[in-house]
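Q: here is a sequence with its predicted model. Questions after.
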Amino acid sequence: MKSRKNQAVGVFDSGVGGLTVVKSIRKHLPDEDIIYFGDTARVPYGNKSRETVKRFSREIIDFLIGRGVKIVVAACNTASSLAVPSIKKEYSVPVLGVIDSGVRIAARVSKSGRIGVIGTDSTVRSRAYDSALKKCDPSCTLFSRSCPLFVSLVENRFSRDPVTRAIAERYLKYFDGKHIDTLILGCTHYPILKTAIHDIMKKVILVDSATGVAQSVAIMLDNAGLRAAKRKRAARIQCFVSDDPTGFKKAANIFLKEEFDVKKTVVG
Ligand code: DGL
């Protein structure tokens, strides 16, 4: 029987994008084994209803808890916005989303208190970032814009293509005259477009919630006395996906330059 400290950290996403969060957890918590679930059969979540995203999230969390994880991280911003706040209380294992950590960093680094967020349609419509920012620092003002094409551009390896620049210019034009000094990248895929976004919004600080969530996981594990001890072997990543693993393995290269085991499994 594994001691609780040595149990893995569970991470899930609608697909491959959550590997940006895995990468950050790897960097900040190198001794933690990770079990990742990518719901590749049902991606995207970004245009789905709250009820559907809640059902999918519950099925995945049950699966990860069944594999013995000590904490679950919803890397997906859409699941973090639509599902985590209400379903986390159903579990004895901590369930953490990415919204609060992104908001906390943004509120800390912003000097003007005028903050932007970009995300999927469902994330923006949920107003989860608005509520989180209001709770964190009510003196800040949030401006939100959905950028639905960004996910496909990343997954089709268009992150450096001129077409991405043109689409990004169109989406980000919304922020003209809003005088934001900080922009939260509120979607798993957007950190891959950091360079393109930065080229357009040169003076704006880009906040990647993946970085913040690794710190939140560390704090939560430390508070619960659950941080893994230093390992002699390298920590493992085990991946499960709900569709054929071939596409996932190829796309995973964009997010995480590391070899790992990927198995197909059915949840729900
Ligand atoms: N993982 C989703 C998110 O962070 C993006 C992809 C999707 O729409 O499922 O919101």
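A: Structure's in. What do you need?
Q: give me the residue at the spatial middle of this protein.
A: Ala75 (3.1 Å; CA atoms, centre = their mean).
Q: mind checking pLDDT for the closest residue to it other than its chain neighbours?
A: With sequence-adjacent residues excluded and distances taken as CB to CB, 6 or more residues apart in numbering, Ala75 is closest to Gly18, at 3.1 Å. Bear in mind the C-beta positions are built from the backbone N, C-alpha and C, glycine included. pLDDT, Gly18: 94.
Q: what is the burial count for Gly18?
A: Gly18 has 27 neighbours, counted by other CB atoms under 10 Å.
Q: same question, Arg108
A: Around Arg108 there are 12 residues (other CB under 10 Å).
Q: so what does the host helix or strand of it touch, helix or strand wise?
A: Using DSSP states H and E, Arg108 sits within helix 99-109. Counting contacts by 3 or more CB pairs under 8 Å, 6 or more residues apart in numbering; DSSP states H and E, helix 99-109 is packed against helix 77-82, strand 114-119, helix 128-136, strand 182-186, strand 205-208, helix 209-223.
Q: hmm, who's touching that helix?
A: Contacts with helix 99-109, where a contact means CB atoms under 8 Å, 6 or more residues apart in numbering, come from 77, 80-81, 84, 113, 115, 117, 128-129, 132-133, 136-137, 140, 182, 184-186, 205, 207-209, 211-213, 215-216.
Q: in the one helix or strand Lys249 maps to, what's buried?
A: Assigned by DSSP H and E, Lys249 belongs to helix 245-255. Residues Pro245, Phe248, Ala251, Ala252, Ile254, Phe255 are the ones in helix 245-255 that count as buried (16 or more other CB atoms under 10 Å).
Q: mind putting those residues in a markdown table, distance to the ligand and pLDDT included?
A: Shown next, in a markdown table, are the buried residues of helix 245-255 (distance: CB to the nearest ligand atom, whole Å; pLDDT from 0 to 100):
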| residue | distance to the ligand | pLDDT |
| --- | --- | --- |
| Pro245 | 18 | 95 |
| Phe248 | 13 | 91 |
| Ala251 | 12 | 85 |
| Ala252 | 14 | 87 |
| Ile254 | 13 | 81 |
| Phe255 | 11 | 84 |
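Q: can you pick out the most distant pair from those residues?
A: Greatest spacing in the buried residues of helix 245-255, by CB to CB: Pro245 and Ile254 (15.5 Å).
Q: circling back: list the buried ones in the helix holding Arg108?
A: Ile99, Asp100, Ser101, Gly102, Val103, Arg104, Ile105, Ala106, Ala107.
Q: out of those residues, which comes closest to Val266?
A: Within the buried residues of helix 99-109, the smallest distance to Val266 is 28.6 Å, found for Ile99 (CB to CB).
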